[in-house]
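S.K.: here is a sequence together with a model predicted from it:
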Amino acid sequence: GAVVSQHPSWVICKSGTSVKIECRSLDFQATTMFWYRQFPKQSLMLMATSNEGSKATYEQGVEKDKFLINHASLTLSTLTVTSAHPEDSSFYICSASDSSSYGYTFGSGTRLTVV
Amino acid sequence: GENVEQHPSTLSVQEGDSAVIKCTYSDSASNYFPWYKQELGKRPQLIIDIRSNVGEKKDQRIAVTLNKTAKHFSLHITETQPEDSAVYFCAASQAGTALIFGKGTTLSVSS
């Protein structure tokens, strides 16, 4: 079946630094990538939608200059959290779609802790 | 945009009982309704889904029903087991667009 590899699985960084999270679709072309954030005991909240070769569309309240999304190829999308602060600590997870079906394939998630 | 409401937020049942979780959605254009089970720190795991052209789907102990007129869908788990204990999320989308999730239900099955 479809697989999305997400790295790193966990990361601890200092406040003010940047962290990059990668999602790679291993056996299909991910024309669309969705990025979610999940705080403890809460639901998955959509942050942004990116289509290969296009600028990402951000949900209301999500700072596009803070959460940089790049989807330069059909197999790789990245989320960079810039100038991270403790309140950015969360579980970040990507979900890929090939847009031709109802299939959504989730990455394994990244636990980000900002100290 | 789409908004998905999910109830109850917590559900406790005895082993062997049935559990029902209900969701409503707001966007009549949504046509795909999956249910996910999520364990702590893990990715959501698809357990069953339904598309708008059917009213019910069953897979062993799990079933989902959809009422498009009322814009609600439900997850039914029969003969619950302790290993069914987890957080369950409903979601709604149109094909190719983002899944919008409900707030989740924590199911506890006690033996």
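M.R.: Right, received. Where do you want to start?
S.K.: okay, CA-based contacts and neighbour counts for the rest of this
M.R.: Will do.
S.K.: please, where are all the strands along chain B?
M.R.: B:4-7, B:10-14, B:19-25, B:32-38, B:45-51, B:56-59, B:62-67, B:72-77, B:86-92, B:100-101, B:105-110 (DSSP state E).
S.K.: relative to B:Gly55, how far out is A:Glu87?
M.R.: A:Glu87 sits 42 Å away from B:Gly55, going by CA to CA, to the nearest Å.
S.K.: A:Gly53 is nearest to which of the strands of chain B?
M.R.: The closest of the strands of chain B to A:Gly53 is strand B:100-101. By CA to CA, the value is 23.6 Å.
S.K.: quick one: the closest one near chain A?
M.R.: Yes. Contact of strand B:100-101 with chain A (CA under 8 Å from any CA of the partner chain) involves B:100-101.
S.K.: the nearest residue to A:Lys66 once chain neighbours are set aside and chain B, how far apart?
M.R.: Leaving out its chain neighbours, the residue that sits closest to A:Lys66 by CA to CA, 6 or more residues apart in numbering or on different chains is A:Thr82, at 5.1 Å. A:Thr82 sits at a distance of 23 Å from chain B (criterion: CA to the nearest CA, to the nearest Å).
S.K.: A:Thr82: how many residues sit nearby?
M.R.: 17 (other CA atoms under 10 Å in any protein chain shown).
S.K.: tell me the pLDDT of it.
M.R.: If you check A:Thr82, the pLDDT there is 97.
S.K.: got it, and A:Lys55?
M.R.: pLDDT, A:Lys55: 91.
S.K.: and it, what does it touch?
M.R.: A:69-70 (CA atoms under 8 Å, 6 or more residues apart in numbering or on different chains).
S.K.: mind checking the SS state of it?
M.R.: In three-state terms, and counting by DSSP: H, G, I helix; E, B strand; the rest coil, A:Lys55 is coil.
S.K.: identify the residue nearest A:Thr49 in space, chain neighbours excluded?
M.R.: Leaving aside its sequence neighbours, A:Thr49 sits nearest to A:Phe34 (CA to CA, 6+ apart; 4.6 Å).
S.K.: tell me how far the one residue in chain B that gets nearest to chain A lies from A:Gln29.
M.R.: The nearest approach of chain B to chain A comes at B:Gly96, 4.3 Å away (CA to the nearest CA). To A:Gln29, B:Gly96 is 13 Å away according to CA to CA.
S.K.: what sits up against the helix or strand of chain A with the lowest mean pLDDT?
M.R.: Lowest on mean pLDDT, DSSP states H and E among the helices and strands of chain A sits strand A:67-73, with a mean of 92. If you take CA under 8 Å, 6+ apart as the criterion, strand A:67-73 is touched by A:33, A:50-56, A:77-82.
S.K.: any low-confidence regions in chain B?
M.R.: Residues of chain B meeting the criterion pLDDT under 70: none.
S.K.: residues in it within reach of chain A, list them.
M.R.: Contact residues (CA under 8 Å from any CA) of chain B with chain A: B:32, B:41-44, B:89, B:94-98, B:100-104.
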